[in-house]
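J.: Sharing a model prediction with you, sequence too.
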Amino acid sequence: MTFLCTGSRAFTSRQSNYRRRILPSGRYSQYRTMPPTVKKLFTNSTSLAISFTTNSPVIKAKRMVPDNYQLPNLTRVAQKGLDLYIKRDGKWQFAGVGIPGGVTTEKVLVDNMGTEEKECLLYLPLYDELKSLEIGVSSDAHIRKGENPFKEKIVVYGSSILQGASASHPGMAYPARMSRSSGYL
């Protein structure tokens, strides 16, 4: 089984591929007294990205999110969607969006590409927990764990605006844009 690398994490954990913390029990039991609203936000995958390479002409994603309500200040794409960026000529370019369709969604993110090797970043939903994610490529292509494309880590603490509230897409949240433009995580 191949595990794909995630980016945009201040702290690393071997327990999970992308989740910030498993709450409220287990080795993170020190968070039991955290307010319920903060606990919910703590599991959001905002500005997390999966780095991978592929030579596939098509990339699709299948994911599962909780069945929770739509926030009034976010688009469905920002809250539950995916954004795919591909590096071309040394710069990250938007390549496709995973528009959410319900609790489980399977969609093509991009197709009709060449078969050259591509470096990809798949940004996860801003204001939702991702229960599962599968990235699919053509049967005659490969998909490999990507290296962390960012030089160093910067920890930024802030409000809901910093988390991505009201961004139109996961890749348009402030931390995601700053990482792609500066090369810092």
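T.: Perfect, thanks for sending it. Numbers count the residues shown, from 1 in each chain.

J.: and the residue sitting nearest the centre point of the chain, what does it touch?
T.: Nearest to the geometric centre of the chain sits Leu124, at 2.2 Å (C-alpha atoms, centre = their mean). Leu124 makes contacts with 18, 45-46, 48-50, 82, 130, 133, 170, as judged by C-beta atoms under 8 Å, 6 or more residues apart in numbering. (C-beta placed from N, C-alpha, C; glycine too.)

J.: And the next helix or strand past the helix-or-strand element of the chain with minimal mean pLDDT?
T.: Ranked by mean pLDDT, DSSP states H and E, the weakest helix or strand in the chain is strand 5-7, scoring a mean of 43. Counting by DSSP states H and E, the next helix or strand C-terminal to strand 5-7 is helix 36-42.

J.: what bits of this protein have low per-residue confidence?
T.: For the chain, applying pLDDT under 70 flags the ranges 1-31, 156-157, 162, 185.

J.: gap between Asp89 and Glu119?
T.: 12 Å (C-beta to C-beta, to the nearest Å).

J.: More neighbours: which of these two?
T.: Counted by other C-beta atoms under 10 Å, Asp89 and Glu119 do not tie: Glu119 has more neighbours, with 16 against 5.

J.: The more buried one belongs to a helix?
T.: No. With DSSP: H, G, I helix; E, B strand; the rest coil as the criterion, Glu119 is strand rather than part of a helix.

J.: start the count at 8, not 1, going forward
T.: Right, with 8 as the first residue, what we last looked at is Glu126.

J.: ok, now which ones touch the residue nearest to it when sequence neighbours are not counted?
T.: Sequence neighbours aside, Lys94 is the residue nearest to Glu126 in space, at 4.3 Å (criterion: C-beta to C-beta, 6 or more residues apart in numbering). Residues near Lys94 by C-beta under 8 Å, 6+ apart: 100, 125-128, 156.

J.: Within the helices and strands, which one has Lys94?
T.: For Lys94, the element it lies in under DSSP H and E is strand 89-95.

J.: ok, and for that strand, which residues are buried?
T.: 89-94 (16 or more other C-beta atoms under 10 Å).

J.: can you redo these as CSV with distance to Ala172?
T.: Listed next are those as CSV, based on distance: C-beta to C-beta, whole Å:
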residue, distance to Ala172
Leu89, 18
Asp90, 16
Leu91, 22
Tyr92, 21
Ile93, 26
Lys94, 27
